[in-house]
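1. No sequence on hand, only this structure:
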């Protein structure tokens, strides 16, 4: 961790928010990353104390930059690069519980493939006799 200048896409990759640097750059240019409330380009430099709003797979992270690094390391080191806000943690946990409750009554995958009788019932139900 150094105090040098690092591009935001490289920092997001080093902090393990994205698997590759090109995915991080695509997210930044696609508007999924905001720095201090403003949409930025991938070439913008990150500074300590910046607030980043990162949207990834329907999940939103709001983090404060604690350290700068351009090298990807272990997850334990990557977690020290930022601090997630309490509101962000609560919102993510709420979203996870909502998704879990929505999928409560579903059977994934189906218990078995439909048999001959089941296919007949399905055709009858969809009126494709």
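-> Yep, that arrived. From a predicted model like this one, the values you see are computed outputs, not experimental measurements.

2. Could you use CA atoms for every contact and neighbour count after this?
-> Fine.

3. does residue 24 belong to a helix or a strand, and which?
-> helix 21-29 (DSSP states H and E).

4. Excluding residues flanking it in the chain, which one is nearest the residue most central in space within the chain?
-> Centroid check for the chain by CA atoms, centre = their mean gives residue 56 as the closest residue, at 2.6 Å. In this structure, residue 56 finds its nearest non-sequential neighbour in residue 32, 7.3 Å apart by CA to CA, 6 or more residues apart in numbering.

5. And the one you found, how far from residue 19?
-> 15 Å (CA to CA, to the nearest Å).

6. neighbour-wise, which of the two wins?
-> Between residue 32 and residue 19, counting by other CA atoms under 10 Å, residue 32 is the more crowded of the two (17 against 12).

7. Against which helices or strands is the longest helix seen in the chain packed?
-> Taking DSSP state H as the assignment, the helix of the chain that covers the most residues is helix 86-102. When contacts are defined as 3 or more CA pairs under 8 Å, 6 or more residues apart in numbering; DSSP states H and E, helix 86-102 packs onto strand 59-65.

8. Check which residues of the strand it packs on are buried.
-> Within strand 59-65, the residues that count as buried by 16 or more other CA atoms under 10 Å are 60-65.

9. Stretch 19-37 now?
-> Quick answer for stretch 19-37 (16+ other CA under 10 Å): 21, 24-25, 27-29, 32-35.

10. Please convert those residues to JSON lines, extending it with pLDDT and distance to residue 92.
-> JSON lines is the format used below for these (pLDDT from 0 to 100; distance: CA to CA, whole Å):
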{"residue": "21", "pLDDT": "95", "distance to residue 92": "24"}
{"residue": "24", "pLDDT": "96", "distance to residue 92": "20"}
{"residue": "25", "pLDDT": "96", "distance to residue 92": "23"}
{"residue": "27", "pLDDT": "96", "distance to residue 92": "19"}
{"residue": "28", "pLDDT": "96", "distance to residue 92": "21"}
{"residue": "29", "pLDDT": "95", "distance to residue 92": "24"}
{"residue": "32", "pLDDT": "96", "distance to residue 92": "16"}
{"residue": "33", "pLDDT": "96", "distance to residue 92": "17"}
{"residue": "34", "pLDDT": "97", "distance to residue 92": "18"}
{"residue": "35", "pLDDT": "96", "distance to residue 92": "19"}
